[in-house]
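Undergrad: Below is the sequence, then the predicted model.
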Amino acid sequence: MRALRSALVVLLVSIGAAALAPAQALSNRQQEFMTAYKSMVELQDYRGINKLAGRDPRLTEEVLLQYSFKLVFGEENALDDVALLATAADEVEQGKRYTQRFARLKAAESEGRQAWLTAWNAWAKGATTFAEANQKREAADYRRAFVELQDAVAAAEKANDTEISSIARYHVGYCHEQLGEYEEVVKVYDKAMDEWLAAGRPKEAMYQHMVDKRRELIEKGHDPLEKGKDEGPKAKRNSTTAYKEGSEWQEFETAYKEMKDPAQLASTSPWGVDHLLLWREFGWSPGAHPFGTLVQAAPFGKALSLLREGSKGFFDHDGNGKESKGDSPLKIIDGKPTLNSFKSGDGKDAESYAFFLLSGGASQTWFQSPVNYQNSGRYRIGCYREGKFLEETLLFVDDNCSGSIGDPSDQGDNILRGNPRWMDNDGVVIGKNRPQPWSDVLSIAGKWWHVKPVDPHAKKVRARELDISTGHVVLKWNGPVQPKMVVLAEVKEFKGSFFDVAGGKPVELPVGRYEIAYGRIETGKAAQSKQAWIFKGDSPAIEVKEGETTTLDLGAPYTVTWKAEDQGNSLVIDGKSLLVREKSGAIVGRIYDEIPYFEVASRPKGSTGSGGKPKAMSKISTETFNSDNVAAWFPADFVIEKAKSAELEVQLSLKKHALLGGPFTSEWQ
């Protein structure tokens, strides 16, 4: 982790130092980069631009910063020259900080642009000093870096620039870390994380470090917001350490249980649905070993690999690529979920775990086309832990199949353009209530508790009563099918807390700031299931206030965006680039299997009017289906024939969709 952070600091210092001098001519490397970029722009090769941005992210960042300087130093159209590169860089990085920076700088007056430059100067200076301190690792050097980084934060706040303030504040917090000032670390990281997301930065290694360190220090008693710490014993705060006066941690044990069938416990994961082909996927074919891994599953501290020899399979616990003593046999019945249970260790120290797995199934269909998935399989969790607390039965389910309970993980979707983020979470069942997503803060027997597993498998769980304020959220969804779940994540004082607000009735939540973590719209059963996932996208955070009910207004009308490529005598709309957003900006994707076939209208660029009768997009061909499994989620590329010199504008629309409702529209572009 330290090596990665140091490398990132070196990068930021190298590009930030350029702000200390007037804008300079591009270096040879940067000029070569821009030559390649401009040729792709002329060809409207948007996929090529994305590949270029991802090939050398450091060089991409240098170029985008240089063009930012060009604007500040008087070249008004500088950012227009690299607008497509900024968009591509954001998609590669899975954030939106470049496009946000460009929009902010273009809208700013001269004074605002100079304030941004001043903030970059201060950040470059502080980052350089921090890099030196991180090499020497002396307290005096960290203190000196801290002072300069604080100046950078102040300059960034004056410029109203969260891109700079978030990265500078992160390093302020890291200085506090090295100086042993742990309560300051919690405070600084808390604010830096909010700024990080506001700036459009992705949740990468530095963000995750703040999440992990903040949680670690809070658990060790270093939360400055702990009830009574600053304002006397009767002070009431909203945080995971706002414990009820006189409360103590209470521990209870849980027992390992296996499910009788996959439907025994409803899932809180987007993957855990009735349609078996929509479960998590793994490889299942003979040949090179190991041929398949259950993605993130590590029930015994390391990735769980599977091996197959003919019709026989086993879990390769020791990782030696062949069946050995201690490996567990693997049972898979074609087309039928089969419970696979296995152990690690002996006696009282033995650990047990179980998955439902299946493969084969020649009668299955995928997007209404026959498919035989003999070379792949599907799986979901097949075990849980059961305990009793305050006379309530609690079930803890490893819904994200990681091997640990209570470990929500940030994921990037591998199908939709831009890889939108979502949280892969575990589940909890309290009493006879419906399953709910794992949360560090839970309502049990009418009281709020801070809950955490003592060990990765939650064989023991700790809980302590909280004294916190609450409000309510009610989901208003405009569409024919109500979401089966819409999970909100608290992003302020209760980070690590998740609540499902689907159902149309007010749901009680701790006071705080919440964002969409993930969701699912679903109708039908088994192979007749229709579904779509909900991703945060650009949907804004909502504030839950004490004693008040906040409405989360989502659904139709929808907007759709896409990418097109001018191929001379034709304009080709890339089917896989289509991205649907509901009214608040959340992304609605992984739409199975009712693909929206949008109607496409075109007109000469700069003209007005409807552009004539639109034509509908169509299903992908069998050849495309067989060669590209991702393409099945989208309509086929749409080709508009035109004169080679003609420039067209395009609009996509759709009046109604069976699962989502409508309408869907786009701007002319």
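TA: It's in. Numbering: from 1, shown residues only.
Undergrad: show me what contacts residue 431?
TA: For residue 431, the contact set (Cβ atoms under 8 Å, 6 or more residues apart in numbering) comprises 392, 393. In this view, the C-beta of every residue, glycine as well, is placed from N, C-alpha and C.
Undergrad: List the buried residues in stretch 328-340.
TA: Using 16 or more other Cβ atoms under 10 Å as the test for burial, stretch 328-340 gives 328, 330, 332, 334, 337, 339, 340.
Undergrad: Could I get those in TSV, plus columns for pLDDT?
TA: Shown next, in TSV, are these (pLDDT from 0 to 100):
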residue	pLDDT
328	83
330	84
332	82
334	82
337	92
339	94
340	91
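Undergrad: Can you tell me which of these lies closest to residue 543?
TA: residue 337 (42.2 Å; Cβ to Cβ).
Undergrad: Now the element after the lengthiest helix in the chain, going C-ward?
TA: The single longest helix within the chain, with elements called by DSSP state H, is helix 110-136. Reading on from helix 110-136 to the C-terminus, the next helix or strand found by DSSP states H and E is helix 139-158.
Undergrad: And the helix or strand just after that next one, what does it pack against?
TA: On the C-terminal side of helix 139-158, the nearest following helix or strand under DSSP H and E is helix 162-178. Here helix 162-178 is seen to pack against helix 2-16, helix 97-107, helix 110-136, helix 139-158, helix 182-198, helix 205-219 when contacts are counted using 3 or more Cβ pairs under 8 Å, 6 or more residues apart in numbering; DSSP states H and E.
Undergrad: which one of these lies closest to residue 492?
TA: Short answer: helix 182-198, nearest of these by Cβ to Cβ, at 6.9 Å.
Undergrad: Need the helices and strands packed on helix 162-178 in TSV (columns: mean pLDDT and distance to residue 299).
TA: What follows is the helices and strands packed on helix 162-178, written out as TSV (pLDDT from 0 to 100; distance: least, Cβ to Cβ, whole Å):
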stretch	mean pLDDT	distance to residue 299
helix 2-16	42	27
helix 97-107	93	37
helix 110-136	93	36
helix 139-158	95	40
helix 182-198	91	30
helix 205-219	87	21
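Undergrad: for the closest residue to residue 613 other than its chain neighbours, phi and psi?
TA: Counting by Cβ to Cβ, 6 or more residues apart in numbering, the nearest residue to residue 613 once its immediate chain neighbours are dropped is residue 601, at 7.8 Å. The phi/psi pair for residue 601 (degrees, to the nearest 10) reads phi -120, psi 150.
Undergrad: And for residue 409?
TA: Dihedral angles for residue 409 - degrees, to the nearest 10 - are phi -130, psi 140.
Undergrad: ok so, going back, how about the buried residues of stretch 328-340, which pair is most distant?
TA: Top of the distance list for those (Cβ to Cβ): 328 and 334, 20.1 Å.
Undergrad: could you dump the buried residues of stretch 328-340 to CSV with distance to residue 130 and secondary structure?
TA: Formatted as CSV, those follow (distance: Cβ to Cβ, whole Å; DSSP: H, G, I helix; E, B strand; the rest coil):
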residue, distance to residue 130, secondary structure
328, 49, strand
330, 50, strand
332, 53, coil
334, 58, strand
337, 52, coil
339, 53, strand
340, 50, strand
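Undergrad: can you map out the helices along the stretch 501-650 of the chain?
TA: Using DSSP state H, counting those that start in this stretch, the helices of the stretch 501-650 of the chain run over 622-627.
Undergrad: Need the phi and psi values for the most centrally placed residue in the chain.
TA: In the chain, the C-alpha nearest the mean C-alpha coordinate belongs to residue 421, at 2.2 Å (Cα atoms, centre = their mean). When read as degrees, to the nearest 10, the backbone of residue 421 gives phi -90, psi 150.
Undergrad: Okay, and the beta partners of residue 313?
TA: Beta-bridge partners recorded for residue 313 (DSSP bridges): residue 308, residue 330.
Undergrad: residue contacts, it?
TA: Residue 313 sits in contact with 284, 306, 307, 329, 330, 332, where contact means Cβ under 8 Å, 6+ apart.
Undergrad: now do residue 403
TA: Counting by Cβ under 8 Å, 6+ apart, residue 403 has contacts 296, 297, 298, 299, 300, 301, 304, 353, 456.
Undergrad: now it, what's its secondary structure?
TA: Put simply, residue 403 is coil when judged by DSSP: H, G, I helix; E, B strand; the rest coil.
Undergrad: So it versus residue 306, what's the distance?
TA: 14 Å (Cβ to Cβ, to the nearest Å).
Undergrad: do residue 136 as well
TA: Distance, residue 136 to residue 306, using Cβ to Cβ: 48 Å.
Undergrad: Not counting its neighbours along the chain, what's nearest residue 151?
TA: Per Cβ to Cβ, 6+ apart, closest to residue 151 is residue 122, 5.1 Å.
Undergrad: Near the one you found, how many other residues are there?
TA: Neighbourhood size, residue 122 [other Cβ atoms under 10 Å]: 25.
Undergrad: didn't it look like it was pressed against residue 148?
TA: Yes. If you go by Cβ atoms under 8 Å, residue 122 and residue 148 touch, sitting 7.4 Å apart.
Undergrad: about what we covered before: dump the contacts of residue 403 into CSV; add secondary structure, pLDDT and distance to residue 571 as well.
TA: Listed next are those as CSV, based on DSSP: H, G, I helix; E, B strand; the rest coil; pLDDT from 0 to 100; distance: Cβ to Cβ, whole Å:
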residue, secondary structure, pLDDT, distance to residue 571
296, coil, 68, 41
297, coil, 75, 45
298, coil, 76, 47
299, coil, 78, 51
300, coil, 73, 54
301, coil, 72, 53
304, coil, 77, 47
353, strand, 91, 53
456, coil, 89, 53
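Undergrad: ok, back up a step: okay, the angle between the longest helix of the chain and helix 139-158?
TA: Orientation note: helix 110-136 sits at an angle of 160 degrees relative to helix 139-158 (axes from the mean of the first three to the mean of the last three Cα atoms, to 10 degrees).
Undergrad: Does helix 110-136 pack against any helices or strands, and if so which?
TA: helix 2-16, helix 57-72, helix 97-107, helix 139-158, helix 162-178.
Undergrad: Show me what counts as buried in it.
TA: 112-113, 115-131, 133-134.
Undergrad: Stretch 35-55 now?
TA: For stretch 35-55, burial by neighbour count (16+ other Cβ under 10 Å) applies to 37, 40, 41, 44, 45, 46, 48, 49, 50, 52, 53.
Undergrad: Next step: the residues you listed restricted to helices.
TA: With helices taken from DSSP H, the overlap with the buried residues of stretch 35-55 comprises 37, 40, 41, 46, 48, 49, 50, 52, 53.
Undergrad: Not counting its neighbours along the chain, what's nearest the third one?
TA: Once its chain neighbours are removed from consideration, residue 41 has its nearest residue in residue 84; the separation is 6.1 Å (Cβ to Cβ, 6+ apart).
Undergrad: Can you classify that neighbour as helix, strand or coil?
TA: Assignment for residue 84 (three-state DSSP): helix.
Undergrad: Over to the one 4 residues further on?
TA: The local conformation at residue 88, judged by three-state DSSP, is helix.
Undergrad: Give me the distance between the closest residue in space to it that isn't next to it in sequence and residue 564.
TA: Excluding its sequence neighbours, the residue lying closest to residue 88 (Cβ to Cβ, 6+ apart) is residue 53, at 4.1 Å. Noted for residue 53: a distance of 18 Å to residue 564, by Cβ to Cβ.
Undergrad: thinking again about what came up before, I figured the residue nearest to residue 88 hits residue 94, correct?
TA: No. Between residue 53 and residue 94 there is no contact under Cβ under 8 Å: 12.0 Å.
Undergrad: Just give the number of residues close to the closest residue to residue 200 other than its chain neighbours.
TA: What sits nearest to residue 200 in space, not counting adjacent residues and going by Cβ to Cβ, 6+ apart, is residue 96, at 3.5 Å. Neighbour count of residue 96, defined by other Cβ under 10 Å: 21.
Undergrad: Surely residue 96 is in contact with residue 90?
TA: Yes. Counting by Cβ under 8 Å, residue 96 touches residue 90, with 4.9 Å between them.
Undergrad: Please enumerate the shared neighbours of the two.
TA: residue 200.
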